[in-house]
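**Q** sequence below, structure please.
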Amino acid sequence: MQFREDINGLRAIAVIAVVLFHFNSSWMPGGFAGVDVFFVISGFLMTGIIFEGLEQENFSILRFYVARANRIIPALALLCIILLIFGWFFLSPTEYKALGKHAVSSVGFISNIIYWLESGYFDSSSHEKWLLHTWSLSVEWQFYIIYPILLILSSKVLSLKMTKKMLLLGTVVGFVFCVLVTYKWPNASYYLFPSRAWEMMIGGVAYLYPSRFGDKQNKVLEIIGVLFILGSYFFVTKETPWPGYLAMFPVIGAFLIIQANSKNSFITGNLIFQKIGTWSYSIYLWHWPLVVAIAYFSLSKNFMYIGIISSIFLGYLSNKYIEKIKFLNDFNTPISYLRSKPIIIAISTVSLGLIVYSTNGFIKLSPIEYQNLINSSTPSPYRSMCHISEYRAPEKSCEYFGSKITWATFGDSHSTEIAYAMALRLKERNIGLKHFSFSGCKPSYKETESFSVCAKWYNQSVSYIIESKKIKNVIFNHRFTNMLFGGTAEHYPVIDEPIVTNETIRLTKHMDELILKLAESKDNIYIFLPIPELNKNIFKLINNATKSNASLNDIASTDINWYNKRNKYIINHFNSAEFPNNVHLLNPADAFCNNEKCFAVRNGIPLYFDDNHPSVLGAIELVKLIK
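**A** Model (predicted):
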């Protein structure tokens with residue numbers, strides 16, 4: 001395919017936005033939409049390669065795959081190898097293990113699935129994942145695998161002309177699907193291929209149905225396209241459901257610029273954009289580890305500027321010395337393709353990552369006290385099975401151990417380990433517990449089904465618990481302050497003053513009504529006040545203590561005054577509420593804090609498994625508060 005300066009310049013528009021957003025999101029709040037622009041470009045170029053081959057009847061799917069491997073794998077594998085070497089010297093075993101896992105998933109092009117399973121893209125923990133940005137490469141590679149197969153089958157069963165029409169129809173259907181799943185399964189829609197496919201397919205539409213306008217009209221198309229893209233960069237934020245219907249702006253913007261096919265354009269054809277566009281893939285690869293390094297080593301904000309310059313410089317070096325290597329693209333037999341050097345490089349990198357992961361980051365080289373803490377900072381073994389993130393009928397909720405189910409736990413993820421720990425305690429008397437928890441669930445009692453992803457489940461579960469004659473005791477727990485006001489301990493000791501809205505008042509009132517209703521029909525209601533949040537992941541706090549040769553028996557995090565101020569609204573509310581005598585308030589600070597500090601590790605017990613959820617051992621300490 002003939003080189004197009006406008007598309008090269010469009011790459012620059014995409015990568016600049018992503019880099020600026022990642023180094024400082026306030027500069028370009030919607031800069032992450034640059035990835036959507038990249039997807040459109042990929043779809044255009046791949047469609048061109050495939051259709052040229054199909055029309056000339058010489059398309060080889062193996063040659064196509066190897067060409068993509070030649071383009072993507074060498075620079076990516078080099079980055080992974082350098083990070084794994086870096087990790088040996090600077091990362092703790094837990095961090096190194098995670099890096100090994102992510103290196104394998106990146107070069108294996110399944111990292112989008114791994115990161116979807118782990119957490120959201122904009123979570124604070126994202127800055128602890130050195131290869132998080134490779135999710136988009138995995139989406140593209142999955143497109144490269146599936147797309148040519150579908151086009152080949154369609155061209156054989158139908159015709160090339162009909163295949164073009166089917167692609168146009170598929171793009172529309174894909175967009176509608178994307179909008180629907182963005183609001184139903186936001187994390188999945190962000191990361192996974194099915195909700196992103198339409199963005200690459202519309203690039204294919206741009207190739208198959210080029211503009212028939214004149215130069216003046218195409219110039220207008222280019223300007224509109226640029227405005228659409230810039231609008232998404234500055235008016236979309238990370239709070240915007242993505243890639244919902246608003247993703248059409250950067251996608252349509254990229255589509256219009258490609259359609260305009262402007263030659264010698266000042267916007268896309270200037271020297272700076274041409275250079276950055278040429279280096280864009282490698283710039284994209286290198287910029288994110290630099291972002292993470294700044295956060296990991298707690299460097300000052302001024303290092304952002306050094307990071308941006310370094311991203312461009314490393315991108316230039318990677319492009320010149322790695323990307324431009326000419327690897328063999330065609331082999332005599334299908335089996336001979338295994339001699340492809342990029343594929344050998346990928347297998348070697350995956351093997352290295354697997355060694356790091358399977359040895360738990362070589363944790364056995366660490367002191368035994370450290371190993372014991374790390375190995376004990378674990379969630380409930382039933383978390384993945386019993387803690388839900390989408391609707392499940394209340395009667396199908398997990399039941400633990402005893403045959404007499406007289407207890408229930410109800411709430412969000414903060415109640416998951418409490419459920420398991422309480423069940424262990426009750427097991428001795430053959431008493432069982434039914435576990436109701438939904439991930440990230442706002443208190444949604446009496447709210448409509450559209451209020452939250454858990455509202456339907458929430459109200460049905462309340463009804464089930466109230467109507468159950470077996471259940472006599474209920475433990476109620478939420479991450480109350482976070483659910484009502486947002487925020488974390490990430491910026492400790494700073495506290496964002498909570499704004500009490502009408503919604504906050506309504507949800508609080510409904511919680512009181514829920515508690516009173518439960519108290520009417522049950523023997524005891526136990527309410528856990530907010531569990532103290534850590535300012536860093538417990539593994540990081542343990543690692544920091546180890547590096548500084550501090551005691552691992554007691555590792556403090558935030559202070560008790562910060563905890564009380566952070567949770568002032570909900571603590572004051574519950575303490576002043578007029579509940580009947582069978583409602584018992586339990587304060588986790590009594591177990592996790594002393595008069596001055598709140599701990600990540602106390603008396604040699606790791607109380608958490610991340611930065612806010614209690615570990616099983618921590619939950620055992622919490623349920624001791626239930627008399």
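**Q** point out where the stretch 201-350 of the chain drops to low pLDDT.
**A** Nowhere does the stretch 201-350 of the chain drop to pLDDT under 70.
**Q** helices along that one, start to end?
**A** Listed in chain order, the helices of the stretch 201-350 of the chain (DSSP state H, counting those that start in this stretch) span 215-235, 248-260, 266-269, 271-296, 303-318, 341-358.
**Q** may I see the ones you listed arranged in a markdown table, with mean neighbour count and distance to Ser366 as well?
**A** To be clear about C-beta, it is placed using only N, CA and C from the backbone, and glycine gets the same treatment. Putting the helices of the stretch 201-350 of the chain into a markdown table (neighbours: other C-beta atoms under 10 Å; distance: least, C-beta to C-beta, whole Å) gives the following:
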| stretch | mean neighbour count | distance to Ser366 |
| --- | --- | --- |
| helix 215-235 | 18 | 44 |
| helix 248-260 | 25 | 45 |
| helix 266-269 | 18 | 52 |
| helix 271-296 | 21 | 19 |
| helix 303-318 | 18 | 29 |
| helix 341-358 | 17 | 14 |
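**Q** do I have it right that Thr163 meets Pro148?
**A** No: look at Thr163 against Pro148 with C-beta atoms under 8 Å: they stay out of range, at 11.7 Å.
**Q** could I get the phi/psi values of Phe528?
**A** Here is the backbone geometry of Phe528 (degrees, to the nearest 10): phi -90, psi 120.
**Q** what's the answer for the one 10 residues further on, then?
**A** In terms of degrees, to the nearest 10, the main-chain angles of Ile538 are phi -60, psi -40.
**Q** okay, it: pLDDT?
**A** Ile538 is assigned 93 on the pLDDT scale.
**Q** ok, it touching Asp611?
**A** Yes: using C-beta under 8 Å, Ile538 is in contact with Asp611, at 6.8 Å.
**Q** circling back: so can I have JSON lines of the helices of the stretch 201-350 of the chain showing distance to Leu132?
**A** What follows is the helices of the stretch 201-350 of the chain, written out as JSON lines (distance: least, C-beta to C-beta, whole Å):
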{"stretch": "helix 215-235", "distance to Leu132": "20"}
{"stretch": "helix 248-260", "distance to Leu132": "20"}
{"stretch": "helix 266-269", "distance to Leu132": "28"}
{"stretch": "helix 271-296", "distance to Leu132": "6"}
{"stretch": "helix 303-318", "distance to Leu132": "15"}
{"stretch": "helix 341-358", "distance to Leu132": "15"}
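**Q** more neighbours: Ile538 and Asp611, which one.
**A** Ile538 (27 against 21; other C-beta atoms under 10 Å).
**Q** quick one: residues contacting the more buried one.
**A** By C-beta atoms under 8 Å, 6 or more residues apart in numbering, the residues touching Ile538 are Ser377, Ala600, Val601, Pro606, Leu607, Tyr608, Phe609, Asp610, Asp611, Ser615.
**Q** same question, Ser311
**A** The contact partners of Ser311, taken as C-beta under 8 Å, 6+ apart, are Val19, Ile283, Trp286, His287, Leu290.
**Q** quick one: residues contacting the nearest residue to it once chain neighbours are set aside.
**A** Closest residue in space to Ser311, ignoring its immediate chain neighbours: His287 at 3.8 Å, by C-beta to C-beta, 6 or more residues apart in numbering. With contact taken as C-beta under 8 Å, 6+ apart, His287 is in contact with Val18, Val19, His22, Phe23, His133, Gly307, Ile308, Ser311, Gly315.
**Q** quick check: the residue of the chain most remote from its centre vs Val205, distance?
**A** For the chain, the residue at maximal distance from the C-alpha centroid (C-alpha atoms, centre = their mean) is Gly214, at 43.6 Å. From Gly214 over to Val205 the distance is 21 Å, taken as C-beta to C-beta, to the nearest Å.
**Q** ok, Asn502 next?
**A** 45 Å.
**Q** who's more crowded, these two?
**A** A direct count of neighbours by other C-beta under 10 Å for Asn502 and Val205 places Val205 higher, at 23 against 7.
**Q** residues in contact with that one?
**A** Leu167, Leu168, Thr171, Phe255.
**Q** next one: the last one from Tyr190, what distance?
**A** When distances are taken as C-beta to C-beta, Phe255 and Tyr190 turn out to be 21 Å apart.
**Q** swap in the third one?
**A** Per C-beta to C-beta, Thr171 is found 19 Å from Tyr190.
**Q** can you pull out the low-pLDDT segments for the protein?
**A** Those would be 1, 119-125, if you go by pLDDT under 70 across the chain.
**Q** let's see 80
**A** Confidence mapping of the chain against pLDDT under 80 gives the ranges 1, 119-126, 329-334, 337-338, 496.
**Q** can you show me the strands along it?
**A** 399-401, 404-411, 431-437, 473-477, 524-528, 555-559, 583-586, 597-602, 605-606 (DSSP state E).
**Q** for these, could you give me a markdown table that also reports distance to Arg392 and mean neighbour count?
**A** Shown next, in a markdown table, are the strands of the chain (distance: least, C-beta to C-beta, whole Å; neighbours: other C-beta atoms under 10 Å):
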| stretch | distance to Arg392 | mean neighbour count |
| --- | --- | --- |
| strand 399-401 | 13 | 18 |
| strand 404-411 | 14 | 23 |
| strand 431-437 | 9 | 25 |
| strand 473-477 | 19 | 24 |
| strand 524-528 | 23 | 22 |
| strand 555-559 | 34 | 21 |
| strand 583-586 | 27 | 18 |
| strand 597-602 | 32 | 24 |
| strand 605-606 | 30 | 22 |
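**Q** any chance of a markdown table for the ones you listed, columns distance to Cys80?
**A** Below are those laid out as a markdown table (distance: least, C-beta to C-beta, whole Å):
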| stretch | distance to Cys80 |
| --- | --- |
| strand 399-401 | 41 |
| strand 404-411 | 39 |
| strand 431-437 | 36 |
| strand 473-477 | 40 |
| strand 524-528 | 42 |
| strand 555-559 | 32 |
| strand 583-586 | 46 |
| strand 597-602 | 31 |
| strand 605-606 | 30 |
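**Q** closest one to Glu390 among those?
**A** For Glu390, the closest of the strands of the chain is strand 431-437, at 12.7 Å, according to C-beta to C-beta.
**Q** centre of the chain to that closest one, how far?
**A** 29 Å (C-alpha atoms, centre = their mean, to the nearest Å).
**Q** just the buried positions in stretch 22-39, please.
**A** By neighbour count with 16 or more other C-beta atoms under 10 Å, stretch 22-39 contains the buried residues 22-24, 28-39.
**Q** separation between Leu246 and Val179?
**A** Taken as C-beta to C-beta, the span from Leu246 to Val179 is 9 Å.
**Q** do Val172 as well
**A** From Val172 across to Val179, the span is 11 Å (C-beta to C-beta).
**Q** more crowded one of the two?
**A** Taking neighbours as other C-beta under 10 Å, Val172 and Val179 compare with Val179 leading, 20 against 13.
**Q** so the more buried one touches Gly244, yeah?
**A** Yes: with contact defined as C-beta under 8 Å, Val179 counts as touching Gly244 (5.3 Å).
**Q** what is the burial count for Lys446?
**A** 17.
**Q** quick one: contacts for Lys442?
**A** Phe451, Ser452, Cys454, Met483, Leu484, Leu507.
**Q** what's the farthest-apart pair in these?
**A** Cys454 and Leu484 (14.8 Å).
**Q** buried stuff in stretch 164-177?
**A** By 16+ other C-beta under 10 Å, the buried positions in stretch 164-177 come out as Lys164, Leu167, Leu168, Gly170, Thr171, Gly174, Phe175, Phe177.
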